[in-house]
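Novice: Build me a model from this:
(one chain, ligands or ions: 1)
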Amino acid sequence: MFSHEEIKKRVAEYAADYVEAGMTIGIGTGSTVYWLLQELGKRVQQGLHFKAVPTSRQTQTLATELGISLVDLNNVDQLVLTLDGADEVAPGLQLIKGGGGALLQEKIVAAASRQLIILADESKMVNVLGRFPLPVEVIPFGWKQVQKKIIQQLGCQLVELREKNGETFVSDHGHYILDCHFSQITDTPELNEAIHNIPGVVETGLFPNMADIAVVGYADGRITTTTSTLP
Ligand SMILES: O=C(CO)[C@H](O)[C@H](O)COP(=O)(O)O
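Specialist: Prediction:
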């Protein structure tokens, strides 16, 4: 049986095969993407040439250290694909992302990509989204108003301001994150839109109908690929 960390590494090594010479791709954020960057760094040393748009400062720093060529999204028309992790993957490849706080840039990069390929271990697969608290990125000014509206208007049980090392977590773009404990999220596009309608919300960690492929690793060594059923 493979450990949690070994599964992530194996999924990342498998998914690295999607990256071909000459491509311009998006690269996500997180501990699974860490292994992807390590593998892509090795392939760059072996002569693979590609360019990447990072989805966070963390990814930007590590990719640079590993010799991966980075490009500004403003100098790219469209990305061939983006490889990223997720916190939850439900049927139809509906996603919750943002556990690492990079959801805004991740969503911009995903939306600029022809394909979004998600790397996950089996623990991320759920029947219904919502066990993982939904991250919502907000403007710091008046954030408590957004918190109140998510509870009162959208029926969320608990909305917590994210902290890190005892301090308020601040995203790469200077925003706060509200972690929203909805018990079950059954209509991803509708909830995404309803949250977006609250003034002060910058982005949500719901990725409705955005993922095309999920590469999923299991403790017994299997790696499966699931394709979205959407056209
Ligand atoms: O959305 C993300 C960061 O904002 C990550 O993709 C998500 O949190 C999964 O991370 P990990 O691979 O560490 O479990």
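Novice: Is it correct that Gly22 falls within a strand?
Specialist: No. Going by DSSP: H, G, I helix; E, B strand; the rest coil, the assignment for Gly22 is coil, not a strand.
Novice: Can you spell out the domain ranges of the chain, please?
Specialist: What automatic domain parsing lists as the domains of the chain is 4-125+209-227, 134-205.
Novice: among these, which is the most enclosed?
Specialist: Of all the domains of the chain, domain 4-125+209-227 has the most neighbours on average by mean count of other Cβ atoms under 10 Å, namely a mean of 19. To be clear about C-beta, it is placed using only N, CA and C from the backbone, and glycine gets the same treatment.
Novice: now check it, is it near the ligand?
Specialist: Yes. Domain 4-125+209-227 is in contact with the ligand by Cβ under 6 Å from any ligand atom, via 28-32, 84-87, 97-103, 106.
Novice: Over to that domain now: how far is its first residue from its last?
Specialist: End-to-end distance of domain 4-125+209-227: 23 Å, with Cα to Cα, to the nearest Å as the criterion.
Novice: How far does it sit from its chain's centre?
Specialist: Averaging C-alpha positions (Cα atoms, centre = their mean, to the nearest Å) puts domain 4-125+209-227 8 Å from its chain's average.
Novice: How confident is the prediction for Cys185, by pLDDT?
Specialist: Check again: residue 185 is Ile, not Cys. Listed pLDDT for Ile185 reads 97.
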